[in-house]
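Undergrad: requesting a structural model of the entry that follows:
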Amino acid sequence: MRLGRYVDTVNMRGAQRNRRPRPPSGPPGKAAGARRPYHHGDLRRALLATAARLLETDGPAALSLREVARATGVSQTAPYRHFADKEALLAALAADGFAELARRMTEAEAGVDAPVERLRALGRGYVDFALAHPHVFRLMFGPEIPDRRAHPPLFAAATAAQEKLGAAIAACRRGLSRDAADERTALVAAWSLVHGLATLLIGDQFRETDVTARAALVDGVTRLFARMLAERPAF
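TA: Below is the predicted model of the structure:
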């Protein structure tokens, strides 16, 4: 009996020594150094954030759904759940750009009551946006998206930004003309001025390169045009 008990004890100790440690419980990837798959609560927004960053760095030509997926940390097929192709992705980026442009203009005109000063403020907001996001600005008006109407959210965002500028122009010209053609001409003229000024500035076509000098230039140009617009009865 004593020998049997001794043998049993030896066998139990040997089994304990030979027993392999169990792997840690929990989901895979918890071990030190293991790479965990990246999951997003809002994949579309995460993809757009990555695409916007890549766009600002390299421009639209270098942007691809595959590169956006890689930089976001998701599979190469994941972007196709939200964007049918590259143009759809670019259209979403442009729509966000127009929304931000409208926000900048709204912020610039806040607390400004006089119509001429309000138009000047909107012009500054427009140019400030272009200077802050030159690649997005070029995409919004560039050939990469040939038909905005094919992308309803983009078309709606672009229209809203244009209407904000149109409302300010109408306020400047109140009492001067009721002719629709004149109002259309005034809108195109104002838009052409601020857009052209923004394009020239982001292309470094003026000697004004520091922030203060550029701000003074924008302020002077928009002031001059706003006064002319408010005083001219017809075009």
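
Undergrad: and the gap between residue 51 and residue 116?
TA: Counting by CB to CB, to the nearest Å, the separation of residue 51 from residue 116 is 39 Å. From N, CA and C alone the C-beta is placed, and that goes for glycine too.

Undergrad: low-confidence ranges, this structure, go.
TA: Low-confidence segments of the chain, defined by pLDDT under 70, are located at 1-41, 175-178, 232-235.

Undergrad: what packs against the helix or strand containing residue 138?
TA: Secondary-structure element containing residue 138, defined by DSSP states H and E: helix 134-141. Packing partners of helix 134-141 (3 or more CB pairs under 8 Å, 6 or more residues apart in numbering; DSSP states H and E): helix 43-58, helix 86-109, helix 180-202.

Undergrad: can you rerun that using 6 Å?
TA: Under the contact criterion of 3 or more CB pairs under 6 Å, 6 or more residues apart in numbering; DSSP states H and E, the helices and strands touching helix 134-141 comprise helix 86-109.

Undergrad: thinking again about what came up before, what does the helix holding residue 138 contact?
TA: By CB atoms under 6 Å, 6 or more residues apart in numbering, the surrounding residues in contact with helix 134-141 are 55, 56, 59, 60, 94, 97, 130, 202.

Undergrad: any chance of these in TSV, with neighbour count too?
TA: As requested, these are arranged in TSV below (neighbours: other CB atoms under 10 Å):
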residue	neighbour count
55	24
56	13
59	15
60	21
94	26
97	25
130	23
202	17
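
Undergrad: count the neighbours of residue 169 for me.
TA: Using other CB atoms under 10 Å, residue 169 has 24 neighbouring residues.

Undergrad: so it is in contact with residue 187, correct?
TA: Yes. Residue 169 sits in contact with residue 187 when judged by CB atoms under 6 Å, with a separation of 5.5 Å.

Undergrad: returning to what we had before: show me what counts as buried in the helix or strand just after the helix holding residue 138.
TA: Counting by DSSP H and E, the element after helix 134-141 in chain order, helix or strand, is helix 152-172. Across helix 152-172, burial judged by 16 or more other CB atoms under 10 Å covers 154, 155, 157, 158, 161, 164, 165, 166, 168, 169, 172.

Undergrad: repeat for stretch 112-124
TA: Taking 16+ other CB under 10 Å as the neighbour-count basis, stretch 112-124 is seen to contain the buried residues 115, 116, 117, 118, 119, 120, 121, 122, 123, 124.

Undergrad: buried set for the host helix or strand of residue 228?
TA: Secondary structure assignment for residue 228, by DSSP H and E: helix 211-231. By neighbour count, and taking 16+ other CB under 10 Å as the criterion, the buried residues in helix 211-231 are 214, 217, 218, 221, 222, 223, 225, 226, 229, 230.

Undergrad: from the chain's centroid, how far away is that helix?
TA: 27 Å (CA atoms, centre = their mean, to the nearest Å).
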